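1. Predicted coordinates and the sequence they were generated for:
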There are 2 protein chains.
Amino acid sequence: MSEKRSALPPFKQVANDLRAEILRGEYAPGDKLPSENQLAGRFGHTRVTVRKGLEVLKSEGLTVSHQGKGVFVRERPHVNLRQTGTKYRERRATGVANFNAEAAAQGRKANQVIREVVEAAAPPEIAERLGIEAGAPMVARRLLFLVDGQPMQLVDACYDAQLARGTRLAEATKIRGGANAYIEDPEGPIARRIVQFVEDLDVRMPLPAEAEQLEIPSGVPVARVIRTAYDPSGSPLEVLDSIVPCDRHIFRYVIDV
Amino acid sequence: MSEKRSALPPFKQVANDLRAEILRGEYAPGDKLPSENQLAGRFGHTRVTVRKGLEVLKSEGLTVSHQGKGVFVRERPHVNLRQTGTKYRERRATGVANFNAEAAAQGRKANQVIREVVEAAAPPEIAERLGIEAGAPMVARRLLFLVDGQPMQLVDACYDAQLARGTRLAEATKIRGGANAYIEDPEGPIARRIVQFVEDLDVRMPLPAEAEQLEIPSGVPVARVIRTAYDPSGSPLEVLDSIVPCDRHIFRYVIDV
DNA sequence: GAGTGGTCTAGACCACCAC
DNA sequence: TGGTGGTCTAGACCACTCT
């Protein structure tokens, strides 16, 4: 007889109810949700079940929890507009400096930390784009980009070792104006122009190591952005392999057709 | 005395161990992991604790579970290269047809389903890009794109109602060659050229409704791609608001500088 | 110290799948 | 029918935060 209704498991019901309240704005970003025990009372289930519901919201990136304090509606951090396209014409040869320029344009302060500069065997994704054999030597400059002290991107700038050896690209020191300017500098050791970028974005959840280095809360994806820079002859000059947390970035591409 | 070591909670240990084995390739995509009871024995913890560890891997998108069958290493579906840039010059006026062309180029079969075509109040993100007042009327063509029967994108094509009323854009029928071709058709009622696209990508975890419609497994993010098409005078003609599951797509942008 | 979230166990029942 | 994952409870202890 009885309408064999719903049958939606209690923990999903908890998640659905709370999600709806959050999305309706009954809890605003930064607001604290009721305690787990209060919710257990309200829903008439054990704390464990309520926790399972809360876990769902956390993995959706809607909430964050702090031990001893409570569960809060997640606040979206300042978003960095990661713009690629027309602006490149203006800022052309800047490269690393481009990152600084974009942050400055938004009234914020960017800086870079060199994690390491090494010569190593190129993994397949990189070798393929650099136009060298997989396992052939590359020079990798591993950097961490920050804005206002918050980690924003993990960047590996990779070069054919043949090209980079003996240049400042292979030294663990900052390059004023950015690596791209250095590459294009007509007075420099490379002096080749960059006329095209190809960016590939692959989006997934972060590995724990990435989450830790970039301070990524749970439920926030990362984009792996692999950018290849080409000279006028179509030869690749640089492959930039970045891990970008998606809660602090919007990607914008301007395409003229 | 005793080195107060590790203290890593057992469920994290379970997750770490299994993750390492998966990433090392000891379990290949599609392989079945040992059953929860077997893992409980191996790790010397209860099934509940092991399950919590497995839950972590699932939310990272590394595994999928099937009731009655087991837990499996997730297989990445065929990836669709969603290319924007140079190819647009060749396929220019195609629009919806562009999606078909790209699928065909990869030897796969694409089709579209019209979910609905309605006139409605424009939400702020759309209105802003269409250059109309928030809440002003827009015509929205809500489509579902599929490739080989698998849902690939949820697309809302939005137009200023002033522009689209009385045209085929406002009718719930397919438009041969795509909406963009229709817009640009010099013999058509609109006959305006599209010379620039701006794409904004915002990446997050899907809402349950999106996950269901697009058959998105847990641990897979979505990109909300908002693409605005402009005519030579800089007036917006169309705003495409898409939800794209990130496990079936790689985004590629080609930028000439 | 009281309150909050974080973790674990033991045991139970259900739903689904394959044989 | 037996194995698999999915869900729930009751009770316990821990770690952190605030006052």
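-> Everything's here; your move.
2. so who does residue A:27 touch?
-> Going by C-beta atoms under 8 Å, 6 or more residues apart in numbering or on different chains, residue A:27 touches A:21, A:33, A:73. (Each C-beta comes from the backbone N, C-alpha and C, glycine too.)
3. could I get those residues as JSON lines with neighbour count, secondary structure and distance to residue A:82?
-> As requested, the contacts of residue A:27 are arranged in JSON lines below (neighbours: other C-beta atoms under 10 Å in any protein chain shown; DSSP: H, G, I helix; E, B strand; the rest coil; distance: C-beta to C-beta, whole Å):
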{"residue": "A:21", "neighbour count": "13", "secondary structure": "helix", "distance to residue A:82": "32"}
{"residue": "A:33", "neighbour count": "19", "secondary structure": "coil", "distance to residue A:82": "32"}
{"residue": "A:73", "neighbour count": "20", "secondary structure": "strand", "distance to residue A:82": "25"}
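4. What is the nearest of the residues you listed to DNA strand D?
-> Proximity of those to DNA strand D, judged by C-beta to the nearest atom of the strand, is greatest for residue A:33, which lies at 15.6 Å.
5. Not counting sequence-adjacent ones, nearest residue to that closest one?
-> Nearest non-adjacent residue to residue A:33, counting by C-beta to C-beta, 6 or more residues apart in numbering or on different chains: residue A:71, 4.5 Å away.
6. Mind telling me what element the one you found is part of?
-> Using DSSP states H and E, residue A:71 sits within strand A:70-73.
7. Now find how far off-centre that strand is within its chain.
-> On the basis of C-alpha atoms, centre = their mean, to the nearest Å, strand A:70-73 sits 24 Å off its chain's mean C-alpha point.
8. packing partners for the very next helix or strand once past it?
-> Counting by DSSP H and E, the next helix or strand C-terminal to strand A:70-73 is strand A:80-84. Strand A:80-84 is packed against helix A:96-105, strand A:249-256, with contacts defined by 3 or more C-beta pairs under 8 Å, 6 or more residues apart in numbering or on different chains; DSSP states H and E.
9. give me that answer again for 6 Å
-> On a contact count with 3 or more C-beta pairs under 6 Å, 6 or more residues apart in numbering or on different chains; DSSP states H and E, strand A:80-84 meets strand A:249-256.
10. Return the list of helices and strands in contact with the strand it packs on.
-> Going by 3+ C-beta pairs under 6 Å, 6+ apart, strand A:249-256 lies up against strand A:80-84, strand B:196-204.
11. Tell me what angle the last one forms with strand B:249-256.
-> With axes from the mean of the first three to the mean of the last three C-alpha atoms, to 10 degrees as the criterion, the two stretches strand B:196-204 and strand B:249-256 enclose an angle of 140 degrees.
12. is chain A contacted by strand B:196-204?
-> Yes - applying C-beta under 6 Å from any C-beta of the partner chain, one finds strand B:196-204 in contact with chain A at B:196-204.
13. tilt between that strand and strand B:80-84?
-> For strand B:196-204 against strand B:80-84, the angle by the same axes, to 10 degrees is 140 degrees.
14. CA-only coordinates of strand B:196-204, as CSV, when you get a sec.
-> Output in CSV follows, covering the C-alpha atoms of strand B:196-204 (Å, rounded to 0.1, in the frame of the first residue of the first chain):
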residue,chain,number,x,y,z
GLN,B,196,35.6,37.6,-32.1
PHE,B,197,34.9,35.1,-29.4
VAL,B,198,35.7,35.6,-25.7
GLU,B,199,35.6,32.5,-23.6
ASP,B,200,35.5,32.5,-19.8
LEU,B,201,36.2,29.2,-18.0
ASP,B,202,35.1,28.7,-14.4
VAL,B,203,35.9,25.3,-13.0
ARG,B,204,34.2,23.7,-10.1
